[in-house]
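Trainee: Pasted the sequence and its predicted model underneath.
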Amino acid sequence: MHKKDGLLFLIFFSLLALHLSQGSSEISLLDLFLKDSPVYQQILKLRIDRIMSCLLVGGCLAVSGLYFQSFLKNPLAEPFTMGFSGSSALGIALGIYIGIQSPFLIAGLGFLFCLIAVGFILNIQKKVFHNFSADLILIGICLGFFCNALVIVLQSVFRPEELQVSYQWLIGSLEHFRTSYWFLCFLPILSLSYTQLRFGKHLDKLHLGKSMASAMGTPLGKIQSAILISGALVCGVSVYLCGIIAFLGFIAPHLTKSFYKTSLHSKLFIRCFLVGACLLIFSDLLAMKLSFETSLPTGGIISLLGVPFFFNILIGEKSYAKN
Amino acid sequence: MQKINIQLKISENFRLAIEDFDLCENLNFIIGPNGSGKSSLLKELSKKLGSDKSIYMPAEFEVNPNLYVWELLQIFDQESLPNHFDLQDIPQKAKLSSLSSGGKQRLLLGLCLDHPNYSHLLLDEPTNFLDPKYKIQLLERIKKSSKCILIASHDLHWFVNDSQCNTFLINGGKIGSRGKLQDVLESTDMKSFFGMDFKVEKSPDGKVWLKY
């Protein structure tokens, strides 16, 4: 136990309680738990679905971002900037339009499109750049926007009446019945945990640089596959549940690293997950509080917080490189 | 040690073709002009020797500057700082980015030299960023080490006095000349490899100087 864990847990549980007591209906948490009425039970279920989605999606995105940043040695890497979220959104939108019902299959289609995007990115990168990390973000962001545009085009062709909903979903919103499928998150959690348990020590060796790490026995190829596949799983499931949450996978690892003053993955894994969960719960809380006539998309709040942070890190890195 | 053969295509017009490469037990050098394939050879050797036996330290310092010193120790499975190269003065809570280039180089060299698991050490330009005092300390420390060490270096002056060490002159991805350092320097037509002439001169006290 780190001495700062207490603070993190305190924040986490306060946010949980605050979030659970919030909702469109003005009913207190105590009433929800104590009164035995079907309506109340329904409301409680909705709130639990929403908070579980926040918790698990936030955590998964954060850990996946941590892995991307370590493997690519790029502080700006995360599922969104790598184009993972965008491409899985396209797959999921397609799945819904062609009438697939099973949430498992739709999320699976998101996962599949993510893998296609990975293939595409790796292929371009091989042709253009010499190392895996350089300017990969550029390809990722372009690809993400391309997929977003395709989703909007498809939406206005197939279901123009729901364009507003689709737009909210693309920015990331938890106002959706799909949050009740939060249990799907067990797939990315399993994959991320496997990566940590199997490659934890090797992930730390990546800090030594690729050539030294690989000489010390770090299986770069296997780690790359594990990180990319778990990233695709995270995006397939998270985008299905609550759309594209940008910048969370980017902010959370940086916050965790600077709060705990460490870059070792064994120390970061669970804490980074919790920080990501806190961030998404906090943003969702803010979104609910600030919504008046129409609901505010949660992803919008994260982006509002995340983009200034993004530039801050970018400037920090560049000025470091100059010195 | 068994002899190692390496055939590897590095790029369209560069091939590594090394035959019967064998290391002596203590200290070995690789010399050669820029782009002769020294670094590629070291990397490939570390693969052939096996990641459980050998450690390769690249010429460029690629370690994440945001690491703390204690984290680097943990990655190298070591509990305290090596007790040479004045490393004891470095606080464990310091970030690597707060150390000088030479400090970082010394730290990494110290950790590699002290690591108990690796019997072979492949060092690419280890004298980078080191001042003369630490260069001399490094050479002394390396000679005392029980590991088999292979150094690729342009810093000929630094080790020219170790004339009995096993040396390979690499050029164009092939072994151009091999043997004791003294013999390689004296018997080889250096001009054909380096594009300039070297002269090995002995001073009265027996020290060797390289003139060019």
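Mentor: Received it, and whenever you're ready, just let me know what you need.
Trainee: Spatially nearest residue to the residue in chain B that chain A sits nearest to, not counting backbone neighbours?
Mentor: Using CB to the nearest CB, the closest approach of chain B to chain A is made by residue B:62 at 2.7 Å. Glycine gets a C-beta too; all of them are placed from N, C-alpha and C. Leaving aside its sequence neighbours, residue B:62 sits nearest to residue A:209 (CB to CB, 6 or more residues apart in numbering or on different chains; 2.7 Å).
Trainee: and the one you found, what does it touch?
Mentor: A:73, B:58, B:60, B:62, B:63, B:64 (CB atoms under 8 Å, 6 or more residues apart in numbering or on different chains).
Trainee: Give the buried residues for the helix or strand hosting residue A:96.
Mentor: Using DSSP states H and E, residue A:96 falls within helix A:84-97. Under the neighbour-count criterion of 16 or more other CB atoms under 10 Å in any protein chain shown, helix A:84-97 has A:84-96 buried.
Trainee: Between these, which sits nearest chain B?
Mentor: When those are compared for distance to chain B (CB to the nearest CB), residue A:84 wins out at 23.2 Å.
Trainee: where along the stretch 51-200 of chain A do the strands fall?
Mentor: In the stretch 51-200 of chain A, no strands are found when defined by DSSP state E, counting those that start in this stretch.
Trainee: Spell out which residues of it are next to chain B.
Mentor: Taking CB under 8 Å from any CB of the partner chain as the contact definition, the stretch 51-200 of chain A meets chain B at residue A:73.
Trainee: mind checking the SS state of the spatially most central residue of chain B?
Mentor: With distances taken as CA atoms, centre = their mean, the residue of chain B nearest its centroid is residue B:151 (2.5 Å). At residue B:151 the chain is in strand, as set by DSSP: H, G, I helix; E, B strand; the rest coil.
Trainee: Test of understanding: give the bridge partners of it.
Mentor: residue B:29, residue B:123 (DSSP bridges).
Trainee: Residue B:136 belongs to a helix, doesn't it?
Mentor: Yes. Checked against three-state DSSP, residue B:136 lies within a helix.
Trainee: Save the buried residues of helix A:84-97 as JSON lines, and put in pLDDT too.
Mentor: JSON lines is the format used below for those (pLDDT from 0 to 100):
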{"residue": "A:84", "pLDDT": "95"}
{"residue": "A:85", "pLDDT": "95"}
{"residue": "A:86", "pLDDT": "95"}
{"residue": "A:87", "pLDDT": "96"}
{"residue": "A:88", "pLDDT": "96"}
{"residue": "A:89", "pLDDT": "94"}
{"residue": "A:90", "pLDDT": "95"}
{"residue": "A:91", "pLDDT": "95"}
{"residue": "A:92", "pLDDT": "93"}
{"residue": "A:93", "pLDDT": "92"}
{"residue": "A:94", "pLDDT": "92"}
{"residue": "A:95", "pLDDT": "91"}
{"residue": "A:96", "pLDDT": "89"}
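Trainee: So which bits of chain B are right by chain A?
Mentor: Applying CB under 8 Å from any CB, we find that chain B lies next to chain A at B:43, B:46-47, B:51-52, B:54-58, B:60, B:62-68, B:71, B:74-75, B:97, B:122.
Trainee: same thing but at 7 Å, please
Mentor: When proximity is defined as CB under 7 Å from any CB of the partner chain, chain B approaches chain A at B:43, B:46, B:51-52, B:54-58, B:62-64, B:66-68, B:71, B:74-75.
Trainee: No further queries at this time; thank you.
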